[in-house]
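Participant: Return atomic coordinates for the entry below.
(chains A and B)
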2 protein chains.
Amino acid sequence: MSTAAVAGKGLEGIVAANSGICWIDGEAGVLAYRGIDIHELAQHSSFEETTYLLWNGHLPNLLGLREFHQQLALARELDMRIIDMLRTFPKSATPMEVLRTAVSALSFYDADEKDNTHDANVRKAYNLTAQIAMIVAIYDRIRKGLDIVPPDRALSHAANFLWMLNGVKPSETATRTLDVALILHADHELNASTFAARVIAATLSDIHSAITGAIGALKGPLHGGANEGVMRLLHTIDKAGVDPVEYVKSMLASKQKISGFGHRVYKTEDPRATHLRKMSEQLGRDSGQPKWYEMSRAIELYIKQDKKLNANVDFYSASTYATLGIDIDLYTPIFAVSRIAGWAAHVIEQLDDNRLIRPRAEYIGPEYPQHWIPVAERP
Amino acid sequence: MSTAAVAGKGLEGIVAANSGICWIDGEAGVLAYRGIDIHELAQHSSFEETTYLLWNGHLPNLLGLREFHQQLALARELDMRIIDMLRTFPKSATPMEVLRTAVSALSFYDADEKDNTHDANVRKAYNLTAQIAMIVAIYDRIRKGLDIVPPDRALSHAANFLWMLNGVKPSETATRTLDVALILHADHELNASTFAARVIAATLSDIHSAITGAIGALKGPLHGGANEGVMRLLHTIDKAGVDPVEYVKSMLASKQKISGFGHRVYKTEDPRATHLRKMSEQLGRDSGQPKWYEMSRAIELYIKQDKKLNANVDFYSASTYATLGIDIDLYTPIFAVSRIAGWAAHVIEQLDDNRLIRPRAEYIGPEYPQHWIPVAERP
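Facilitator: Predicted coordinates for the structure are as follows:
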């Protein structure tokens, strides 16, 4: 492979695609969807409006926004055979394994399965966005032996998810907190799961294949799985009743990785962490249980000072979700509930101007030619 | 993104990883696994021996080969709950959708699911290699309303697959043909499905996630799905009773793509096509049904002459499998039955020296900063 350009390990610094969806300035700590700063969206927008923006390239007008809400609410329907399948899964199956499997099976029942056109994929994107949230909520009810809560089409995406998960109408604070978290997680350019989705889609395979692969990538602890890692650490510290900074110091001394810090792209604070920190603090104060925020903040300050590493999106989403009373192993699935917006936008963008994504490897194996020899003659 | 290096579209010519598994010289038409030319392996080796080679870096001695056969045969076991699940799938589900879904569900029942160490992944690789073949055969029996055929541990991987698929002990010719096809398809460096598997694995997600994603990528008509495309074309031509060359000419005139020709990497004949052509011809002659080979050959010669495009691995695998009496929509699944060997080797190699695979995008969207404005003020 002497003719090819050798990229940094992990494709660091390599531009793998043109994309009009997400702008990141890692030096300045800027993240923008379709040119609009994430801070403005976190402050003013909703998950529905942000998803419209990601899919269409501009904010909707009143009619467009109303129609989008309606379409997404209408898509809140899950084939009974998917629900029956979820009931057969062993209770030991983690929500991410279940989500990966159920999303793969959704293609059986999607009327557009064999249609890979732009319009069909937009229809499938509505379905997948509604269905991923429903699968996460329904499987959690099933594994806990609780009745399934039917969707409420009058609710927003965030509120309906909390309703289907908990079976009680969520408070305004809980709904808005989740809504903002969904906005913040909705897209992040060519992160590993989105890149996996584009690699799969670029073979002209279907969007269900691409999203199934993306869920598998998101599951990894170097990606979406990190928010669960953060919360497990906080629980360990809490149970042991030790000082969080001392505990983290001893982890670092034995070369253990602390989840939720550092980012390939950001050289300064991850702008999503700014909002999640604020929400975590506010929620902790309002609910009278500031413990998780306070532990997190102590750890953040120490790692920032000692390791010069910034908290990333995963760090404060942990304490935020914990304070909302959400189970740890739903944190990464909730990341998927949001990121489907970006995955779908990227798959559709990839297919609108497609080329197979097929890099090369630098060969480092036994020199060619080695030879086949009869088995009896081998050492 | 001014600081990053811009790659060719689809990462053409970009080295995305170091790998000691597969050597390809696209100019010379050379393919070698661990340095051993594919021609030697196709002539002398078996799928089991080749898989050992891909996983271990060298050919096994007699004891090693015997143990490998035994391990793979012992792994021929599918949890009854997977089989029960296959029975619930609608008969309209394609074998690739089913395989993607079932492989995802396999993680529920793998004792090593939470163990991502090298040794655990080798154990999971044995399981996946045995299980993928079984799922393809068993689902085909189920959808046809036939009894499931229990695995025969005395048979080779290729022979057991044909046995479980057809319920009759395969001829030596059929077994050897499939065995060689499995050798030829077992690995191909950073093809799209293998690359997808590595992107997913590099988040430190599990091997089931990586292989599920790879199956989704293989499904695409620009990748493994092409062999089914070739056969559908041959059937269309056969049913219409027209001259194959005239038919292909008219397709090209209306800018339709002919599956099975051209390759990103090979600038000369794909060395795998050489063997598949020979097998297709031989099988056609021996079985007294040379039709598919002859049609294929006529199309190949025309496209080679007119478009300067060479047949690739998918082109003659179609007529080969057709002459073996295999259903069209099993061609791509059979590709997966083989390629799991390479996928597993690459996932394990990736994890042995891992870094997150996270490239960048060249931003082509609305210039930053655009602004959020209230919905009533939008056009």
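Participant: Okay, now the unreliable bits of chain A?
Facilitator: By pLDDT under 70, the weakly predicted segments of chain A are A:1-4.
Participant: Quick one: classify the residue positioned nearest the centre of it as helix, strand or coil.
Facilitator: Nearest to the centroid of the C-alpha atoms of chain A, with distances taken as C-alpha atoms, centre = their mean, sits A:F335, at 3.3 Å. Under DSSP: H, G, I helix; E, B strand; the rest coil, the three-state class of A:F335 is helix.
Participant: The residue nearest to it when sequence neighbours are not counted - how many residues pack around it?
Facilitator: Leaving aside its sequence neighbours, A:F335 sits nearest to A:G224 (C-beta to C-beta, 6 or more residues apart in numbering or on different chains; 4.2 Å). All C-beta spots, glycine's among them, are computed from the backbone N, C-alpha and C. A:G224 sits with 31 neighbouring residues when counted by other C-beta atoms under 10 Å in any protein chain shown.
Participant: Return the distance of A:G224 relative to A:N191.
Facilitator: Look at A:G224 and A:N191: by C-beta to C-beta, to the nearest Å, they are 9 Å apart.
Participant: Alpha carbons only: can I get the longest strand along chain A in CSV?
Facilitator: Ranked by residue count under DSSP state E, the longest strand found in chain A is strand A:14-19. The C-alpha trace of strand A:14-19 is given here as CSV (Å, rounded to 0.1, in the frame of the first residue of the first chain):
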residue,chain,number,x,y,z
ILE,A,14,-8.8,13.0,8.5
VAL,A,15,-11.8,14.5,6.7
ALA,A,16,-13.9,11.6,5.8
ALA,A,17,-17.0,13.3,4.3
ASN,A,18,-18.5,16.7,3.4
SER,A,19,-21.4,17.5,5.7
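Participant: Is chain B within reach of that strand?
Facilitator: Yes. Counting by C-beta under 8 Å from any C-beta of the partner chain, chain B is contacted by strand A:14-19 at A:14-19.
Participant: what do you get for stretch A:98-110?
Facilitator: Yes. Shown here: stretch A:98-110 in contact with chain B (C-beta under 8 Å from any C-beta) through A:100-101, A:104-105, A:107-109.
Participant: Need these in CSV (columns: distance to B:A186, neighbour count and secondary structure).
Facilitator: CSV is the format used below for those (distance: C-beta to C-beta, whole Å; neighbours: other C-beta atoms under 10 Å in any protein chain shown; DSSP: H, G, I helix; E, B strand; the rest coil):
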residue, distance to B:A186, neighbour count, secondary structure
A:R100, 25, 32, helix
A:T101, 26, 28, helix
A:S104, 24, 28, helix
A:A105, 28, 28, helix
A:S107, 27, 26, helix
A:F108, 29, 21, helix
A:Y109, 34, 17, helix
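Participant: Tell me the one of those nearest A:K249?
Facilitator: Of all the residues of stretch A:98-110 next to chain B, A:K249 sits closest to A:R100, with 36.4 Å by C-beta to C-beta.
Participant: Roughly how far does that closest one sit from A:R153?
Facilitator: 27 Å.
Participant: what's the answer for A:I340, then?
Facilitator: A:I340 is 19 Å from A:R153, by C-beta to C-beta.
Participant: For the nearest residue to A:T323 once chain neighbours are set aside, give me its contacts.
Facilitator: In this structure, A:T323 finds its nearest non-sequential neighbour in A:L283, 4.3 Å apart by C-beta to C-beta, 6+ apart. Residues near A:L283 by C-beta atoms under 8 Å, 6 or more residues apart in numbering or on different chains: A:173, A:177, A:293, A:320, A:323-324.
Participant: Same question for A:E228.
Facilitator: A:E228 touches A:221, A:318, A:328-329, A:331-332, counting by C-beta under 8 Å, 6+ apart.
Participant: Just the terminal-to-terminal distance for stretch A:164-178.
Facilitator: End-to-end span of stretch A:164-178 (C-alpha to C-alpha, to the nearest Å): 14 Å.
Participant: next structured bit after the lengthiest helix in chain A?
Facilitator: Counting by DSSP state H, the longest helix found in chain A is helix A:118-143. Using DSSP states H and E, the helix or strand that follows helix A:118-143 in sequence is helix A:157-166.
Participant: Please pull up the helix or strand immediately following that next one.
Facilitator: Per DSSP H and E, helix A:157-166 leads on to helix A:172-185 as the next helix or strand towards the C-terminus.
Participant: Reformat the residues of stretch A:98-110 next to chain B as TSV; add distance to B:E67.
Facilitator: Shown next, in TSV, are these (distance: C-beta to C-beta, whole Å):
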residue	distance to B:E67
A:R100	33
A:T101	32
A:S104	34
A:A105	36
A:S107	39
A:F108	39
A:Y109	44
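Participant: quick check, nearest of those residues to B:L204?
Facilitator: Taking C-beta to C-beta as the measure, B:L204 sits nearest to A:R100 out of the residues of stretch A:98-110 next to chain B, at 15.4 Å.
Participant: who in the stretch 251-379 of chain A is up against chain B?
Facilitator: By C-beta under 8 Å from any C-beta, the residues of the stretch 251-379 of chain A that approach chain B are A:264-265, A:355-376, A:378-379.
Participant: Which segments of chain A make up each domain?
Facilitator: A:67-221+A:331-352, A:226-323 (automatic domain parsing).
Participant: Determine which stretch of those domains is the most buried.
Facilitator: Greatest average neighbour count among the domains of chain A goes to domain A:67-221+A:331-352 (a mean of 22), per mean count of other C-beta atoms under 10 Å in any protein chain shown.
Participant: quick revisit: can I get the domains of chain A in JSON lines including distance to B:L128?
Facilitator: Output for these, formatted as JSON lines (distance: least, C-beta to C-beta, whole Å):
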{"stretch": "domain A:67-221+A:331-352", "distance to B:L128": "14"}
{"stretch": "domain A:226-323", "distance to B:L128": "25"}
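Participant: To B:P95, which of those lies closest?
Facilitator: B:P95 lies closest, by C-beta to C-beta, to one member of the domains of chain A: domain A:67-221+A:331-352, at 11.9 Å.
Participant: Now the terminal residues of the closest one, how far apart.
Facilitator: Terminal residues of domain A:67-221+A:331-352 are spaced 24 Å apart (C-alpha to C-alpha).
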